[in-house]
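Enquirer: Predicted model and sequence follow; I will ask about them next.
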2 protein chains.
Amino acid sequence: MGVAQALIRNKDWLASRVGTSFDLRKVLVKDLSKSRQLPLTAGVLTDDPDELLGDADIGLVVEVMGGYEPATGYIRRALESRKDVVTANKEVIAKFGPELLEVAQNSRRTLLFEGSVGAGIPIIGPLTKDLAANQIHSIYAIINGTTNFILSSMENHGMTRERSLELAQSLGYAEADPTNDVDGIDASYKLAILATLAFQSRVHPNQIFKEGIGRLDARDFLHAKELGYSIKSLAIAKKQAQGIEVRVHPALIPEDHMLAKVSGAFNAVAVEGDLAGNTVFIGQGAGQNPTTSAVLGDLVELGRNIVNESRPVGINLKDSNLPVRSMTELETMYYYRLTASDRPGVLSQISQVLGDLNISIASVIQKDSDPNNKTAELVITTHPAKEEAARKSVACLTALDVVEEINNLIRMEDLLA
Amino acid sequence: MGVAQALIRNKDWLASRVGTSFDLRKVLVKDLSKSRQLPLTAGVLTDDPDELLGDADIGLVVEVMGGYEPATGYIRRALESRKDVVTANKEVIAKFGPELLEVAQNSRRTLLFEGSVGAGIPIIGPLTKDLAANQIHSIYAIINGTTNFILSSMENHGMTRERSLELAQSLGYAEADPTNDVDGIDASYKLAILATLAFQSRVHPNQIFKEGIGRLDARDFLHAKELGYSIKSLAIAKKQAQGIEVRVHPALIPEDHMLAKVSGAFNAVAVEGDLAGNTVFIGQGAGQNPTTSAVLGDLVELGRNIVNESRPVGINLKDSNLPVRSMTELETMYYYRLTASDRPGVLSQISQVLGDLNISIASVIQKDSDPNNKTAELVITTHPAKEEAARKSVACLTALDVVEEINNLIRMEDLLA
């Protein structure tokens, strides 16, 4: 059920919750001729934005069109024309949220965007209100339903990545061109919003390191499982003495961690604060109904304030201008899967290379040998090491005669609880 | 860190988040002579409630004393004297919340109580705001840290219930007299608050069926695991055509369900709404820091409204007077553990008794035989049956010559996702 449909179908019920009713005045669409199931009064549907933005009688605009233009311009104009705005547009909020909040502030209007992150998962509200007294240390999130569905299928059903993507597409969990999802772009928008609010310091999506799921193989899931780990595409934000660390990439996480249990199209955001400790918010991170839930939640808040004759406090944002750390400074554990010659002395050469780069090995497992090629698959995990060193190690290891190929290098997150 | 300590220690930081600072004017205590670590100005500490409630300059009262009297009277008087009130008192809110919200409404003051359920887990906020547009179908919650710690210890470490309780006590997770926790009373207060808000219909804690964890044995956890289940003490509220179903009792739940992963002192609330679908909120359900997080979150909201020159919308409650269903009408699956004669024909007698009561068997496992007594332990699970029939079955089965004892009867919840 979309927002317009819910406003029509649940009108009386919403009125009873809010104390006043929402009157759907205009619905802006691209193509007037498209057939729609909405029982709209004549004249409500329009393809002219002026009919909506230029109408002084309209007090509230809901933007669910997606994309950053013309959506950003419409939102700005709506706020400047003294209309409250509710949006579920992650790209707009990630890229222009702070500016738009300022426009709202100056016009004494409210901009709400609960639906922009995690759809049905209440997270903007809890983060900015219930947890407002916490110094937030970190956020670990699974915030892309498409990749989580694909990775869950690979992990739980042993599917290839290609087959998992096809399944996701056939079920409507992935688009025909899944780039935005599988390459971490969508997640970076959501993480930018969460980090900006959590740390009260602006994080732009282009400051976020992004690595997609394109290198993950069914073998990685098997090896990870043997090591007691699951593989998830994580969006991570941490506040550290040196600045903010923000990154989106696949990671091995302990299989008994709560986030490892979040499967399929479900999403989750784990927040660590100084007072609350660890909190986790789980729900449907995408889809029409969950997004409608978030958008209508914002509408109910605005409506109740009107009935209460008060102005909503809105979302607070101070930019404390913390630096965003370079990814090369990251220190974490790593998982290597590589193909090497199946003969004595190989491991000594590999550990020599890693040792020279200050990378200390935590475990080595030799997997299947290939007697024809006289090669074996090695899985190596490390103690915390520098990202810069890990990156260098790939070239140095590949240069060894005994190493045929570095099949994968995945970061490992040693989450607690 | 308690609330007073946090208000002192984090004063500047809180002021930067809110836009104004909280000035700690009075701290009411029972015993003035007790030594305290708080750096309080002279005259702040008092044992006279009038110094606080009678002071017109005090605009906001935080109640974290616990117990329902004199706390209820103090809260009422504070609201009537036009002070806003923040409380973490589950007993007061469960028993008198609707009346106190009305007092607040009439005085145009605000009563907030995020800390009353789940301490560090944001749940009152999400339920009353972010999810406000949802028709809530059900709530499944693990909302007592003491029992969850005890059951997790029994399940994960094979401890006896007695030993688990001792451990919980030694770690400060259980009180010397654990009755309130292990008998489901504490959970019933929290469930009454959640159900009342979710269904917008008053549920009093004494309308909630309560069964403690006192009959659970280490053997039940072993058998449950074999069946693919975990055992948790659940607080359940459902809205049905015939009314509201509210109950607190141990239950077998599928071991791959998210709630089965919530271990130790962690708590969780799973909410199912018509739009958002399933959402789960996890965090530390008890303790000083998490409670302080919730109480200060409410304070921040009140402070921001003052800065914004607006009146908080507060918590909305309409009593739609839905009936609370009788527990005997419940229909669910059951797990029986019983000791019976180890000889042919026993199962036929047992299934005859159950069949006569319209209870259909789903699985039977014969566990260890005792060759001395010629008895065996039987574990029987059923398809959905009437609670009334299940209760009758205990007497009918015990009356059979071949049945020595019904060791346990536990409800099973077939949760999805």
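Expert: Yep, that arrived. Every value quoted in this text rests on a predicted model; they were computed, and no experiment measured them. Residues are numbered from 1 along each chain as shown, chains lettered A, B, ... in the order given.

Enquirer: Can you pull the phi and psi angles for A:E405?
Expert: phi -160, psi 140 (degrees, to the nearest 10).

Enquirer: contacting residues around it?
Expert: A:338-339, A:398 (Cβ atoms under 8 Å, 6 or more residues apart in numbering or on different chains). All C-beta spots, glycine's among them, are computed from the backbone N, C-alpha and C.

Enquirer: Now a ChimeraX select for only the buried ones of those residues.
Expert: Only the buried entries of the contacts of A:E405 go into this ChimeraX selection, using 16 or more other Cβ atoms under 10 Å in any protein chain shown:
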select /A:338,339
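
Enquirer: Need the residues that contact stretch A:334-351.
Expert: Defining contact as Cβ under 8 Å, 6+ apart, one finds that stretch A:334-351 is touched by A:217, A:219-220, A:223-224, A:227, A:229, A:252, A:359, A:361, A:364, A:369-371, A:374-382, A:385, A:390, A:397, A:400-412.

Enquirer: Can you turn the buried subset of those residues into a selection I can paste into PyMOL?
Expert: Those of these that count as buried under 16+ other Cβ under 10 Å are selected in PyMOL with:
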select buried, chain A and resi 220+223+224+227+229+252+359+361+375+376+377+378+379+380+381+382+385+390+397+400+402+403+404+406+407+408+409+410+411+412
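
Enquirer: Filter the contacts of stretch A:334-351 down to just the ones in helices.
Expert: Those of the contacts of stretch A:334-351 mapping onto helices are A:219-220, A:223-224, A:390, A:397, per DSSP state H.

Enquirer: Look up which helix or strand the nearest residue to A:I410 once chain neighbours are set aside falls in, please.
Expert: Take A:I410 and drop its neighbours on the chain: the residue closest to it by Cβ to Cβ, 6 or more residues apart in numbering or on different chains is A:Y335, 4.5 Å away. Taking DSSP states H and E as the criterion, A:Y335 maps to strand A:331-341.

Enquirer: And for A:V280?
Expert: Per DSSP H and E: A:V280 is located in strand A:277-284.

Enquirer: That strand near chain B at all?
Expert: Yes: using Cβ under 8 Å from any Cβ of the partner chain, we find that strand A:277-284 touches chain B at A:277-284.

Enquirer: Need the mean per-residue confidence for that strand.
Expert: Strand A:277-284 carries an average pLDDT of 96.

Enquirer: quick one on the thing from earlier: extract the C-alpha set from the strand holding A:Y335 and format it as PDB.
Expert: Extracted in PDB, the C-alpha atoms of strand A:331-341 (Å, rounded to 0.1, in the frame of the first residue of the first chain):
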ATOM      1  CA  GLU A 331      43.000  -1.400  11.400                       C
ATOM      2  CA  THR A 332      41.100  -4.600  11.400                       C
ATOM      3  CA  MET A 333      41.500  -8.400  10.900                       C
ATOM      4  CA  TYR A 334      41.600  -9.900   7.400                       C
ATOM      5  CA  TYR A 335      40.600 -13.200   5.800                       C
ATOM      6  CA  TYR A 336      42.700 -14.200   2.700                       C
ATOM      7  CA  ARG A 337      41.600 -17.000   0.300                       C
ATOM      8  CA  LEU A 338      44.400 -17.800  -2.100                       C
ATOM      9  CA  THR A 339      45.600 -20.500  -4.500                       C
ATOM     10  CA  ALA A 340      49.200 -21.600  -3.900                       C
ATOM     11  CA  SER A 341      51.600 -24.400  -4.900                       C
END
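
Enquirer: Buried ones in that strand, by neighbour count?
Expert: Under 16+ other Cβ under 10 Å, the buried positions of strand A:331-341 are A:332-341.

Enquirer: Stretch A:6-23 now?
Expert: Residues of stretch A:6-23 classed as buried: A:6-8, A:10, A:14, A:17-18, A:22 (neighbour count, 16+ other Cβ under 10 Å).

Enquirer: can I assume A:L7 is in contact with A:L14?
Expert: Yes: assessed by Cβ atoms under 8 Å, A:L7 is found in contact with A:L14 at 7.3 Å.

Enquirer: coming back round to it: of the ones in helices among the contacts of stretch A:334-351, which is the nearest to chain B?
Expert: Distance to chain B across the ones in helices among the contacts of stretch A:334-351 (Cβ to the nearest Cβ) is lowest for A:A224, with 18.2 Å.

Enquirer: May I see the buried residues of stretch A:48-64?
Expert: A:51-53, A:58, A:60-64.

Enquirer: Burial check on A:E255, number of neighbours?
Expert: By other Cβ atoms under 10 Å in any protein chain shown, 15 other residues sit near A:E255.

Enquirer: now the one 4 residues further on
Expert: Here the number of neighbours of A:L259 (other Cβ under 10 Å) works out to 21.

Enquirer: And A:L171, by the same measure?
Expert: 11.

Enquirer: ok, now the one 3 residues further on?
Expert: A:A174: 21 surrounding residues under other Cβ under 10 Å.

Enquirer: can you check A:E226 too?
Expert: 11.

Enquirer: ok, for it, nearest residue in space, not its chain neighbours?
Expert: Using Cβ to Cβ, 6+ apart and skipping residues adjacent in sequence, the residue nearest A:E226 is A:I365, 7.0 Å away.

Enquirer: Tell me what that neighbour is bridged to.
Expert: Per DSSP bridges, the residues bridged to A:I365 are A:V379.

Enquirer: that older thread, in the helix or strand following the strand holding A:Y335, what's buried?
Expert: Per DSSP H and E, the first helix or strand lying C-terminal to strand A:331-341 is helix A:346-356. Of the residues in helix A:346-356, A:346, A:349-350, A:353-354 count as buried by neighbour count, 16+ other Cβ under 10 Å.

Enquirer: next one: stretch A:158-174
Expert: Using 16+ other Cβ under 10 Å as the test for burial, stretch A:158-174 gives A:159, A:161, A:164-165, A:167-168, A:173-174.

Enquirer: and which of these is nearest B:E272?
Expert: A:Y173 (20.6 Å; Cβ to Cβ).

Enquirer: Could you pull up the residues touching that closest one?
Expert: Counting by Cβ under 8 Å, 6+ apart, A:Y173 makes contact with A:145-146, A:149, A:265, A:286.

Enquirer: for A:P384, same thing?
Expert: A:331-333.

Enquirer: how near is it to A:S233?
Expert: From A:P384 across to A:S233, the span is 21 Å (Cβ to Cβ, to the nearest Å).

Enquirer: Least confident secondary structure element in chain A?
Expert: The weakest-scoring helix or strand in chain A, judged by mean pLDDT, DSSP states H and E, is strand A:361-370 (a mean of 89).
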